[in-house]
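*Asks:* Whatever this is, show me its structure:
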Amino acid sequence: MIRFFIILLLFINTINCSKAQFDKNHFIYFTSEMNIGNYFGVDLNMNYVYKNTYSFKIGYTGNIRKHKLQPDDYTSGVVGFLLFGTENPYDQMENYLFAIGKIYNLNKYGTVRINLSIGLGYTTIREPYNWEKIDHPHHGENYSWKYKRYNTISLIINSKVEFPFTKSFGFTISPMIQVNEDKIYIGIGIGQMIGLLRKVEN
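*Replies:* I've put the predicted structure just below:
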């Protein structure tokens with residue numbers, strides 16, 4: 001997925017350098033954000049805006065949190081510490097999403113706007129289970145556990161405030177709700193936008 005976004009960024013740069021009339025009615029840009037809420041993670045999207053009015057995006061969100069059934073005395077040990085917790089038994093929720101939306105400019109310069117979008121995500125959920133105490137851990141975890149994995153569909157509602165300060169760079173603040181039959185994510189993302197963001201009058 002990250003490789004896909006890199007290829008699209010190169011495509012955007014090619015368009016930007018072509019001096020064509022593409023950017024009169026069409027804007028393509030990449031957004032990347034850090035999510036903070038009842039989960040913590042990242043949000044990566046490729047966005048298309050038509051006539052500064054309608055928006056479409058495809059993207060990926062990946063979020064983690066401490067699992068609610070994790071034993072209070074669980075520790076990842078020295079190995080987990082050296083790996084910065086990457087092997088810890090997190091509750092994980094990933095989405096590959098598609099959304100449509102509407103743009104509302106909040107000033108005449110187009111440097112502050114709201115991108116209201118709604119869409120669907122193909123969601124993968126991973127949860128640790130089967131916790132068993134290890135009586136004599138050796139520099140490692142004091143519990144063994146397994147992952148169960150399943151897929152579902154999520155409704156994704158995203159009211160993103162965008163600040164395209166220049167034609168090619170800006171910032172975002174992004175409240176988001178992801179709802180499926182098993183989990184709910186509620187949080188806010190803060191990040192950047194790069195690409196063809198808006199028309200700049202000569």
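
*Asks:* ok, how many other residues are close to Asp73?
*Replies:* Other residues near Asp73 come to 8 when the count uses other C-beta atoms under 10 Å. C-betas here are computed from N, CA, C, even on glycine.

*Asks:* That one against Asn142, yeah?
*Replies:* Yes - assessed by C-beta atoms under 8 Å, Asp73 is found in contact with Asn142 at 7.0 Å.

*Asks:* List the contacts of the residue most central in space within the chain.
*Replies:* Centroid-nearest residue in the chain: Asp43, 1.2 Å away (criterion: C-alpha atoms, centre = their mean). By C-beta atoms under 8 Å, 6 or more residues apart in numbering, the contact list for Asp43 reads Thr31, Ser32, Glu33, Met34, Asn35, Gly59, Tyr60, Thr61, Ser174, Met176, Gly189, Gly191.

*Asks:* what is it paired to in the beta sheet?
*Replies:* Glu33, Thr61 (DSSP bridges).

*Asks:* repeat for Glu162
*Replies:* Arg113, Thr172.

*Asks:* Could you report the neighbour count for it?
*Replies:* Other residues near Glu162 number 26, with proximity taken as other C-beta under 10 Å.

*Asks:* and what of Asn130?
*Replies:* Other residues close to Asn130 by other C-beta under 10 Å number 10.

*Asks:* for the nearest residue to it once chain neighbours are set aside, what are its contacts?
*Replies:* Once flanking residues are discounted, Asn130 sits nearest to Lys146: 4.8 Å by C-beta to C-beta, 6 or more residues apart in numbering. Neighbour list for Lys146: Pro128, Tyr129, Asn130 [criterion: C-beta under 8 Å, 6+ apart].

*Asks:* Met93 too?
*Replies:* With contacts defined as C-beta under 8 Å, 6+ apart, Met93 is in contact with Tyr39, Thr61, Gly62, Asn63, Ile64, Thr123, Thr124, Ile125, Arg126, Gln178, Lys183, Tyr185.
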